[in-house]
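Visitor: 3D, please:
(chains A, B and C)
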Amino acid sequence: MGRTPICSQGLNRGAWSPEEDRILTSYIETHGAGKWSNVPKEAGLNRCGKSCRLRWLNYLRPGLKRGNITQEEEDLIIRLHKLLGNRWSLIAGRLPGRTDNEIKNYWNTILRKKVQQGTLAQAHELESGTADQTGAVRTMATRCSSSSMLIDLKVDGEIQLKDTAAGDQNCSGGESVPSSDNPFSFSKDMVDGWMRGEESQPFFSWEFSSFASFMGTEDLPWSNDVFP
DNA sequence: AACGACTTCAACCGCGCTGTA
DNA sequence: TTACAGCGCGGTTGAAGTCGT
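Guide: Sure, this is the predicted structure:
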């Protein structure tokens, strides 16, 4: 019901030929992108609309970079993935010229291994007592949008947002995540103090802009786009 | 050189969301 | 309000390329 039919039999599938690319590019340059279900028929391509859309968005549209992901881009992908999870289109939106498919492939083939190796090294440090014990903290799903928001870290893998402009109102619940994903860490002494009740307040609060700066995401659309 | 194992990434699939009649 | 069509997304697949023996 209401679902785009899968590319049916009789239509071309698999790799696109240079001639198909030329036809699609020429059609979109003339008519613009959109109405993908009409594109194959009107352009004279023996492809389904979804296939045309994918080909255009990921490979043919102007301004795309291909390959050679820089160290800066890689760092940003890692930070954004910690923040957003597998929301590839949002991550790609922070990397001009990169597509969600490219980011997703890069993560699955390169970065996931790197991050896992890094996590393993961190775990060994913890086992050997060379690093502070950490609480698990990550990101949150909320509709808060205030730039005056404070971020409160708590133990048990929860992070909460408070909108100071709205009188300390809790905007939305936090989300528990494994400690391996923790982009922050705090000392065991501080956790113990809070657990003993010596700390009535959460350990830290950051101005929202500081958090964004830390994550390298100062100009993210922090409201509904990121936290739907 | 030949072959199998492994890696990469373009492309497909199915689901959920949104707009519209 | 409901049904439907279209779009966009994330997960997955498999062909092609690369590496190791």
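Visitor: Return the helix or strand in chain A with minimum mean pLDDT.
Guide: strand A:169-170 (a mean of 30; mean pLDDT, DSSP states H and E).
Visitor: domains for chain A, by residue range?
Guide: A:18-60, A:71-127, A:132-228 (automatic domain parsing).
Visitor: So what does the nearest residue to A:Leu60 once chain neighbours are set aside look like in phi/psi?
Guide: Spatial nearest neighbour of A:Leu60, excluding adjacent residues (CB to CB, 6 or more residues apart in numbering): A:Thr25 at 5.3 Å. C-beta here means a position set from N, CA and C on the backbone, and glycine is covered the same way. Here is the backbone geometry of A:Thr25 (degrees, to the nearest 10): phi -60, psi -50.
Visitor: residues from chain A in reach of DNA strand C?
Guide: A:1-4, A:14-15, A:34-37, A:49-50, A:53, A:86-90, A:100-101, A:104-105, A:108 (CB under 7 Å from any atom of the strand).
Visitor: May I see the PyMOL selection of the buried members of those?
Guide: In PyMOL, a selection of the buried entries from these looks like this (16 or more other CB atoms under 10 Å):
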select buried, chain A and resi 36+49+53+87+88+90+100
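Visitor: In helices only, show me the residues of chain A next to DNA strand C.
Guide: When the residues of chain A next to DNA strand C are checked against helices (DSSP state H), the matches are A:Gly49, A:Lys50, A:Arg53, A:Trp88, A:Ser89, A:Leu90, A:Asp100, A:Asn101, A:Lys104, A:Asn105.
Visitor: would JSON lines of these with distance to DNA strand B and pLDDT be doable?
Guide: Putting those into JSON lines (distance: CB to the nearest atom of the strand, whole Å; pLDDT from 0 to 100) gives the following:
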{"residue": "A:Gly49", "distance to DNA strand B": "10", "pLDDT": "86"}
{"residue": "A:Lys50", "distance to DNA strand B": "6", "pLDDT": "87"}
{"residue": "A:Arg53", "distance to DNA strand B": "9", "pLDDT": "88"}
{"residue": "A:Trp88", "distance to DNA strand B": "10", "pLDDT": "87"}
{"residue": "A:Ser89", "distance to DNA strand B": "12", "pLDDT": "84"}
{"residue": "A:Leu90", "distance to DNA strand B": "14", "pLDDT": "83"}
{"residue": "A:Asp100", "distance to DNA strand B": "9", "pLDDT": "87"}
{"residue": "A:Asn101", "distance to DNA strand B": "5", "pLDDT": "88"}
{"residue": "A:Lys104", "distance to DNA strand B": "7", "pLDDT": "88"}
{"residue": "A:Asn105", "distance to DNA strand B": "4", "pLDDT": "87"}
